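Novice: How does the following fold in three dimensions:
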Amino acid sequence: MPFAKCFVRLAVIIACIAPATAGALSPPQATSDTARSDPARAPDPRTAIYELRTYYPAPGKLAALNARFREHTLALFARHGMTNVAYWNEAPSPEAPDGRVIYVLAYPDRAARDAAWKAFGSDPEWRAIAAASEANGKLVAKVDSVFMTMTDYSPPLSLKRR
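Specialist: Numbering: from 1, shown residues only. Got it, this is the predicted structure:
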């Protein structure tokens with residue numbers, strides 16, 4: 001995806017998730033070590049690693065993909081120490097007729113991200129859900145991932161475990 005297009009998309013996403021009122025960022029809730037050992041703690045929004053993920057659904061599979069996220073995936077992400085920041089459905093366009101699922105996750109650091117995804121990918125519950133939801137074909141044709149850190153001039157953002 002061209003840089004300018006990615007930057008505009010990111011600016012819109014950040015504008016949507018920033019609190020409506022100004023104020024200080026939430027106080028740090030955990031260091032990298034404690035956040036990694038205690039998945040119930042959310043990362044510090046100022047130092048977190050954010051991952052912007054874009055899922056391109058297989059033709060006709062957007063509803064099933066949204067259902068899998070809604071009914072299973074968000075809870076499994078949280079169980080494995082990932083902080084669910086926000087989720088969107090992109091409006092259909094000529095390059096993505098069904099639209100795309102775009103979401104942001106947060107982690108204390110890159111090592112915590114890698115460990116969380118490894119644990120998620122090997123989770124027997126996730127494997128069973130993925131297999132059942134893809135019994136009639138894959139739900140996702142392609143995934144894009146961009147890693148980000150917050151700038152010092154970004155509006156305040158609060159990360160809480162749900």
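
Novice: my guess is residue 76 contacts residue 128, does it?
Specialist: No. Using CB atoms under 8 Å, residue 76 is not in contact with residue 128, being 11.0 Å away. Every residue, glycine included, has its C-beta placed from N, CA and C.

Novice: all strands for the chain, in order.
Specialist: 49-57, 83-89, 101-107, 140-148 (DSSP state E).

Novice: quick revisit: who's more crowded, residue 76 and residue 128?
Specialist: residue 76 (16 against 11; other CB atoms under 10 Å).

Novice: Tell me how far that one lies from residue 135.
Specialist: Counting by CB to CB, to the nearest Å, the gap from residue 76 to residue 135 is 19 Å.

Novice: cool, and residue 68?
Specialist: From residue 68 to residue 135 the distance is 12 Å (CB to CB).

Novice: neighbour-wise, which of these two wins?
Specialist: Legend: neighbour count by other CB under 10 Å for residue 68 and residue 135, higher for residue 68 (20 against 6).
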